[in-house]
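Visitor: Build me a model:
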Amino acid sequence: MVLWMNSLVTTSHLQLAAFALGTIGWILCTVSMGIVEWRVWHVDNTTVISSGIAWVGIWKVCFISYLYVSPGYREQFCHKFSGYDSFIPHEIYAAQGLLLIAMFMGLLGLAATIFALRNIYMGVTHKPLIAPFFLVGGFFYISAGVCVLIPVSWNFYSVTHNQSIAFPPSYYMPSSPAAQEAGAAIPVGIVAVILLLLSGTFSLSYRFPMTANTIMKS
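Guide: All right, here's what the predicted structure looks like:
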């Protein structure tokens with residue numbers, strides 16, 4: 001029994017790595033949601049956008065302005081998007097929903113993996129309490145990775161094609177930038193996708209030791 005327990009722990013090393021990668025991927029997914037720099041706009045008119053740079057996120061748009069503050073000081077102005085804003089492009093709407101789904105699925109994947117690893121290291125020898133939970137965890141990790149991949153790819157496509165957004169006048173934003181580039185959120189999202197997909201692959205590759213049935217029957 002002791003030998004088989006050691007074998008059971010040994011076969012789960014890759015799944016332990018999956019848990020670590022999944023945790024980091026889930027954290028990066030959450031971080032990417034909060035970063036406003038999804039799309040960095042360079043604008044010609046610096047009357048209000050003093051630095052000539054605006055950051056377009058999935059929840060708000062921000063820029064630095066010297067217009068309403070004392071000389072020598074600067075202030076960051078942000079306009080939050082509303083669910084009723086019709087000007088928001090589809091890729092931003094998709095990012096809002098899919099990243100929330102990804103965060104939830106990643107959390108479920110972590111919970112399933114933790115339960116399976118807990119059973120292994122606590123000496124539980126029942127296959128139904130281990131193998132299915134690694135499979136479920138892998139499914140949620142991969143689903144979360146796909147949910148992050150879609151908005152990251154879509155927004156990156158919009159950046160490379162310099163697509164415009166018809167902001168209302170109250171936002172003090174031009175409808176089209178002079179140029180735009182991918183912000184920090186996109187590479188963070190790409191790393192999150194890679195880690196979540198790797199984590200899912202590792203979790204799905206788990207194989208319960210075949211020696212278990214023989215030992216338990218003897």
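Visitor: Distance of the most centrally placed residue in the chain relative to residue 49?
Guide: A centroid search over the chain (CA atoms, centre = their mean) returns residue 29, at 2.1 Å, as the residue closest to the centre. Distance, residue 29 to residue 49, using CB to CB, to the nearest Å: 30 Å. Quick note: C-beta positions are derived from backbone N, CA and C, even for glycine.
Visitor: and if you look at residue 129?
Guide: From residue 129 over to residue 49 (counting by CB to CB), the distance is 57 Å.
Visitor: Looking at these two, which is more packed in?
Guide: Neighbours were tallied for residue 129 and for residue 49 using other CB atoms under 10 Å; the higher tally belongs to residue 49 (22 against 14).
Visitor: got the contact list for the more buried one?
Guide: 43, 63-65, 172-173 (CB atoms under 8 Å, 6 or more residues apart in numbering).
Visitor: quick one: which of the residues you listed is most hemmed in?
Guide: Neighbour counts for the contacts of residue 49 were taken using other CB under 10 Å; the highest belongs to residue 63, which has 24 neighbours.
Visitor: What is the helix or strand hosting that residue packed up against?
Guide: Using DSSP states H and E, residue 63 sits within strand 60-65. Contact partners of strand 60-65 among helices and strands, from 3 or more CB pairs under 8 Å, 6 or more residues apart in numbering; DSSP states H and E: strand 53-56, strand 75-80.
Visitor: Let's see that with 10 Å instead.
Guide: Based on contacts counted as 3 or more CB pairs under 10 Å, 6 or more residues apart in numbering; DSSP states H and E, the elements that strand 60-65 packs against are strand 39-42, strand 53-56, strand 75-80.
Visitor: Report all helices and strands that the last one contacts.
Guide: Applying 3+ CB pairs under 10 Å, 6+ apart, one finds that strand 75-80 contacts strand 53-56, strand 60-65.
Visitor: Quick check: which of those strands is buried the most?
Guide: With neighbours defined by mean count of other CB atoms under 10 Å, none of these is more surrounded on average than strand 53-56, at a mean of 23.
Visitor: who's in contact with the residue nearest to residue 192 when sequence neighbours are not counted?
Guide: Setting aside the residues directly before and after it, residue 192 is nearest to residue 28 in space (CB to CB, 6 or more residues apart in numbering), at 3.8 Å. Contact criterion CB atoms under 10 Å, 6 or more residues apart in numbering gives 106, 148, 185, 187-196 as the residues in contact with residue 28.
Visitor: between those, which is closest to residue 87?
Guide: Taking CB to CB as the measure, residue 87 lies nearest residue 185 of the contacts of residue 28, at 20.2 Å.
Visitor: For the nearest residue to residue 133 once chain neighbours are set aside, give its distance to residue 204.
Guide: Here the nearest residue to residue 133 in space, its sequence neighbours aside, is residue 116; by CB to CB, 6+ apart that works out to 3.9 Å. Shown here: residue 116 relative to residue 204, a distance of 12 Å by CB to CB.
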